[in-house]
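K.L.:
have a look at this prediction, sequence included:
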Amino acid sequence: MPTRNGHHLDTSDVVIVGAGAVGAACAYYAARSGLSVTVVDRGAVAGGTTGAGEGNLLVSDKEPGPELDLALLSARLWRELAAALPPEIEYETKGGLVVAGDEPGLAALRTLSEAQTAAGVASTCLPADRLRDAEPHLAPGLAGGVLYPQDAQVQPALAAAYLLRASGARLHLGAEVTAVLRGPGGAVRGVRTPRGDLLAPAVVNATGTWAGELAALAGVTVPVLPRRGFVLVTEPLPRVVRRKVYAADYVADVASDSAALQTSAVVEGTPAGPVLIGASRERVGFDRTLSVEVIRRLAARAAALFPVLAGVRVMRAYQGFRPYLPDHLPAIGPDPRAPGLLHACGHEGAGIGLAPATGQLIAAALTATPAPLDAAPFRPDRFVERSPA
Amino acid sequence: MPVSPSDTRGTVHDLAVIGAGPAGLAAAVTAAELGLTVALLDAAPRPGGQFYRQPAPGLGAARPRALHHSWGAFTRRAARLAAQRAAGRVHHLAEHHVWAVTRATADPEHWTVHAVTGPDGAHGPAPELTARHVLLATGAYERQLPFPGWTLPGVVGAAGAQAMLKAGLVLPGRRIVVAGSGPLLLAVAGSLAAAGARVPVVAEAGDYGAYARSPRALAAQPRKLVEAAGHAATLARHGVRLRSRSAVTAVHGTDRVEAVTLTRLDHDWRPLPGTGVRIPCDALAVGHGLVPQLEPATGLGCATRRTPDGGHALVVDGRQRTTVGGIWAAGETCGVAGAELAFIEGELAARSIAGRGPVGALRRRRDRLRRFALAMAAVHAPRPGWSDWLRTDTEVCRCEEVTAGRIQDAVTGLGARDGRTVKLLTRAGMGWCQGRMCGTAVTHLAGDPAPAPTRRPLACPIVLDHLADG
Ligand SMILES: Cc1cc2nc3c(=O)[nH]c(=O)nc-3n(C[C@H](O)[C@H](O)[C@H](O)COP(=O)(O)OP(=O)(O)OC[C@H]3O[C@@H](n4cnc5c(N)ncnc54)[C@H](O)[C@@H]3O)c2cc1C
Ligand SMILES: Cc1cc2nc3c(=O)[nH]c(=O)nc-3n(C[C@H](O)[C@H](O)[C@H](O)COP(=O)(O)OP(=O)(O)OC[C@H]3O[C@@H](n4cnc5c(N)ncnc54)[C@H](O)[C@@H]3O)c2cc1C
C-alpha cells in the first residue's frame, strides 16, 4: 500500500537489522518458526565483521559456563545446517588442537579440558610424542596438547549468505536504519530507512559492533565496543595444517579484560589452500591503520608453532572489529526497556560459531515458545547501573 | 663514494621517497639540493619508473632514448641524482619493495619504512628506515577490463608490452593489435611499430572527437598537443590506423592469438550489433589507462578522492601534502596525468618539505596540467556498457578463475554489493595480484555506486619469516 510520500509500506512479523552471520541465523530460525521476516542492512550481506572473521566454530576455547553451553548447542545446530545448506559454506569438522609449550601450560590445559568434559565437551589428551601424528608439521619440543573433535569451521561470508537465502527473508540491502519507530506507549513498531519504513511489531538488533548505535536509536544502551583483530593470509598451500591449531595462552587472551595488545598463535588451513594466521586482540576503537607490531608478532608465533611456514609468503593481511561486551558474553533476547526490541549482538570473537543458537533463542523469544537453554545470562539490560533508590 | 644501504640504520633521514619514477626522482634530487638527507627507495633495480624504464645494462641497447619522449628531462635528473648520491645526501635503495609505512614507535613524529629487498623480496628484509617526512611517489599500474578470450597467450597488457620493450627490447608478436582506451595506447603503438612490429590498428573505446569539444583545457597545453601530434605522425609513418569508439570484443585462436574481433561501440561502450570485423594478428596489447597505486598510502589512512575515470587518487593540498601530517604524495598516486606533471609535483613536494624556494609558478603549472588530465580522463573513462562484452563464462578474476556468471550470482543471489563482498563470496581478487587486475571489473559488476578504494595493508607479498624478524 503506497504511503503519502510514495514509499511502499513494508510490513512483516519481524525486522532484523544486520545481514551478518548473526542476523542471517536469526532470520533463518525466525522464518522456520513460521514468521514473516525482513532483513535490512546498510551494506551488503556479510559486509560487516562477518566478512572479516575466520569462521571457526569452537568449543575448545570456552571455559564452562553460559557461553560454552551456547557453543555446544551451536555446534550441534551447525551440523544440522551443514546438511541442509549447500556445500559452498565449506563446513568442515576438522577438529581443534590446543598445544602447550611447557609442563605448567599443559597442566593448566588438562585442568581446563577436564572441566569442559563435565560440561559435555569431547577431548583427547595428546602427549608430546603423539602431537605430530595429529599435525605432522608442528614444531618439535612442545609439551603436549588436547584434541577437540567438535571444533569445526565454515567460510563465514558464504555461510551467512546461504543461511539468509535459505531463510527466504525479504532483503533490503544498502538501506541504513536511521530510526527505530515507536508506537503509543513506547512499543517498537518498525524501523526507518532512507528508502522507506519497514514495519513490524518486533525489531532485532543484529548490528554487531555497531549495536550500541542502533540501541541508542531506540533510546537504550548496549555497551558494545570494538576489539580489533588482524589476520594474515598465506599463499595457497597443500594441506600442511590440518586442524585449527592454537597455543594454550589463546584461551587466556580471549577472556582477558585488558585493552592492551594480546597475540597468540592461531593457525589453520582452509579448503581453498591459504593458511590463516591469527589472533590479535586490542581495543583501539575503529583504528584501521596498519600495526606492524601486531603482524610481526603473529608471524613470529605462527612460524614458531609451524616452522614449515617460515618460508611461505603472506599474501595479505586484513582486520576486523569484534563486537565486544564488558563481560565477554553476547546480548541475546528482548529488551524490557523498549518493548518489541530484541538484541542479538556482542558475540566478540565467536559470532559465527554462536550464530545458530542465538537464532534459536531469538526465534523462541519472538514466538513465546520455550527457549532451548537458559537465556538469562545474556539479558541485554544486564549492564544497567541500578540507582541506589 | 656511494653510501651502502646498511648505513641507513640508526640515522633519521629528513625525507624518505618511495618510488624513483619521475615524481620520486625529481623530489629526491630537489630535496637533497636544498640540503635535506634523503632515502630513495624503489622496487626496481634502476630509477626511472614506468616511463623511463631502461634496458638492463647487459642488453647493449644503443639508444634507449629512441623509445622515449623528453629523455633529456630524465637524464638531467639522473645526473643530479648521481651527484647527490656521491655527496652522500641521497641513499638510493634500489630493489627495495616497501610493504608498509608506519609511525615510528620511538618517536610518533617520525615514520618507519618497512621494505624487503631483491627481486620479489628474495633477499630478505631491509633494515627499518626512519624519516621525518615520507613522500609517496608509487605511480600507477595498468587497468584491465576483461573480454572473451583475454586470457589467451598472446594477449598482453599495453603498458606491459611497452615495459617489456623498454626493459628487454622484446616484442610480444609481429602483428600486434593495440586496443583499450587512453592516450598511452598511441605511445605504445608508436613504440611497437618503431621497434619493427606491424600494428594494423589501434582501437580506442573512447571518443577522440570529444577532445574537440573541450578545447579550453587542451589549448592550455601546447606541449601535450605537440606530444600527441608526435605520436600521430609516428603512427601515420608506420601506417597504423586509429579507430575511435571501437573495442576488441573477442579473441580467436586455440593455443594463442590468431585474430581478434573489432566491434564499434555506442556512446556507453555497448557493442553495436553487426559491426564486428575480424583482424588477423599474433598478439594483442590491451589496456584501459592507469590506476593510481595507493599502497602504502591507504594503510596510513591518507584520504582519497574519486577520479573521473572511476578510480581513486590521493587527496593532496597545494603543497602536495596528504591528509596525514608528514606524509606527502606526488605523481600518478595523486591522479594519472603523465610524466611532465610527475616531475613538477615531485619538485613542488620537495620544496614544500624543505620550506624553501618559490612554489607559485610550479603550482600554477601543476594546476594547469591537472585540469588537462581531468579532461583527458573523462574522455577515456570506461563507460558502463563495457560489461556487455562479457559472456557468463568469461573469466574476470584470472588468479582465482572466477567467471562473470559467478560474480553475477553472488550479486543477485547472495547479496554482494561491492568489490569486497564479491571477493568474500567468490574469491575474485584474492589471488596473487590481489585484485589489481580485476578490481575495476569486479566493482563494476557488483553495481557499487560509490566504491571505496581497496585496502591492501601489505603492499606486496612477504615471506613469513621476513615479516617476523624484519
Ligand atoms: C579477526 C577476526 C577473527 C574472527 N574469527 C572468528 C572465528 O574464527 N569464529 C567466530 O565464530 N567468530 C570470529 N570472529 C568474530 C565474528 O566475526 C563476529 O563475532 C561476527 O561476525 C559478528 O557477526 P554479526 O552478524 O553480529 O555482525 P556483523 O557481521 O558485523 O553484521 C552486522 C551488520 O549490521 C549492519 N549494520 C550496522 N548498523 C546498521 C544500521 N544502522 N542499519 C543497517 N545495517 C546496519 C552492518 O552493515 C553489518 O553488516 C572473528 C572476528 C575477527 C575480527
Ligand atoms: C606504456 C606507458 C606509456 C607512457 N607514455 C607516456 C607519454 O608518452 N607521455 C607521458 O607524459 N607519460 C607517459 N606515460 C606515463 C608516465 O609513465 C607516468 O606519468 C609517469 O611515469 C608517472 O611518474 P610517477 O613517478 O608518478 O610514477 P612511476 O613512473 O609509475 O614510478 C613509480 C615507481 O614507484 C615504484 N614503486 C611503487 N610501489 C612501490 C613500493 N611499494 N615500494 C617500492 N617502490 C615502489 C615503482 O617501482 C616505480 O618505479 C606512460 C606510461 C606508460 C605505462
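P.N.:
Nice, I can see it. Ligands and ions are numbered 1, 2, ... in the order given.
K.L.:
hey, C-alpha coordinates of stretch B:430-447 in CSV?
P.N.:
Output of stretch B:430-447 as CSV, limited to C-alpha atoms (Å, rounded to 0.1, in the frame of the first residue of the first chain):
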residue,chain,number,x,y,z
MET,B,430,42.0,-13.0,-3.6
GLY,B,431,44.9,-14.3,-5.7
TRP,B,432,48.4,-13.3,-6.5
CYS,B,433,47.6,-9.8,-7.9
GLN,B,434,45.3,-9.0,-5.0
GLY,B,435,42.6,-7.7,-7.3
ARG,B,436,44.9,-5.2,-9.2
MET,B,437,43.9,-6.9,-12.4
CYS,B,438,40.2,-7.5,-11.9
GLY,B,439,39.3,-4.8,-9.3
THR,B,440,37.8,-2.3,-11.7
ALA,B,441,35.7,-5.0,-13.4
VAL,B,442,34.5,-6.6,-10.2
THR,B,443,33.5,-3.3,-8.6
HIS,B,444,31.5,-2.5,-11.7
LEU,B,445,29.8,-5.9,-11.8
ALA,B,446,29.0,-5.6,-8.1
GLY,B,447,27.0,-2.5,-9.1
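K.L.:
buried ones in that stretch?
P.N.:
By 16 or more other CB atoms under 10 Å in any protein chain shown, the buried positions in stretch B:430-447 come out as B:430-431, B:434-446. No exception for glycine: its C-beta is placed from N, CA and C like everyone else's.
K.L.:
from those, pick the one nearest residue A:65.
P.N.:
Distance to residue A:65, by CB to CB, is smallest for residue B:430 among these, at 36.9 Å.
K.L.:
confirm that the closest one sits in a strand.
P.N.:
No - using DSSP: H, G, I helix; E, B strand; the rest coil, the assignment for residue B:430 is coil, not a strand.
K.L.:
correct me, but it touches residue B:420?
P.N.:
No - between residue B:430 and residue B:420 no contact is recorded; they are 10.9 Å apart, counting by CB atoms under 8 Å.
K.L.:
quick one: mean pLDDT for stretch B:462-470?
P.N.:
Here stretch B:462-470 scores 87 as its mean pLDDT.
K.L.:
are that stretch and ligand 2 in contact anywhere?
P.N.:
No - judged by CB under 6 Å from any ligand atom, stretch B:462-470 makes no contact with ligand 2; its nearest approach is 11.3 Å.
K.L.:
the strands in the stretch 151-300 of chain B, which residues?
P.N.:
With DSSP state E, counting those that start in this stretch, the ranges of strands along the stretch 151-300 of chain B come out as B:155-157, B:176-181, B:201-204, B:241-244, B:246-252, B:259-264, B:277-280, B:283-288, B:290-292.
K.L.:
need the ones you listed in a markdown table (columns: mean neighbour count and distance to ligand 2).
P.N.:
As requested, the strands of the stretch 151-300 of chain B are exported to a markdown table (neighbours: other CB atoms under 10 Å in any protein chain shown; distance: least, CB to the nearest ligand atom, whole Å):
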| stretch | mean neighbour count | distance to ligand 2 |
| --- | --- | --- |
| strand B:155-157 | 21 | 9 |
| strand B:176-181 | 28 | 11 |
| strand B:201-204 | 25 | 13 |
| strand B:241-244 | 16 | 15 |
| strand B:246-252 | 22 | 18 |
| strand B:259-264 | 22 | 20 |
| strand B:277-280 | 14 | 22 |
| strand B:283-288 | 27 | 8 |
| strand B:290-292 | 24 | 6 |
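K.L.:
could you export those strands as a markdown table, including mean pLDDT and distance to residue B:136?
P.N.:
Formatted as a markdown table, the strands of the stretch 151-300 of chain B follow (pLDDT from 0 to 100; distance: least, CB to CB, whole Å):
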| stretch | mean pLDDT | distance to residue B:136 |
| --- | --- | --- |
| strand B:155-157 | 96 | 23 |
| strand B:176-181 | 97 | 26 |
| strand B:201-204 | 96 | 31 |
| strand B:241-244 | 93 | 35 |
| strand B:246-252 | 96 | 33 |
| strand B:259-264 | 97 | 37 |
| strand B:277-280 | 98 | 41 |
| strand B:283-288 | 97 | 23 |
| strand B:290-292 | 95 | 10 |
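K.L.:
what does stretch B:237-248 contact?
P.N.:
With CB atoms under 8 Å, 6 or more residues apart in numbering or on different chains as the contact definition, stretch B:237-248 has outside contacts at B:147, B:177, B:179-180, B:186, B:189-190, B:193-194, B:199-209, B:232, B:235, B:260-266, B:269, B:271, B:284, B:286, B:386, B:389.
K.L.:
ok so, going back, a markdown table for the strands of the stretch 151-300 of chain B, including distance to residue A:31?
P.N.:
As requested, these are arranged in a markdown table below (distance: least, CB to CB, whole Å):
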| stretch | distance to residue A:31 |
| --- | --- |
| strand B:155-157 | 47 |
| strand B:176-181 | 47 |
| strand B:201-204 | 51 |
| strand B:241-244 | 54 |
| strand B:246-252 | 44 |
| strand B:259-264 | 47 |
| strand B:277-280 | 53 |
| strand B:283-288 | 44 |
| strand B:290-292 | 43 |
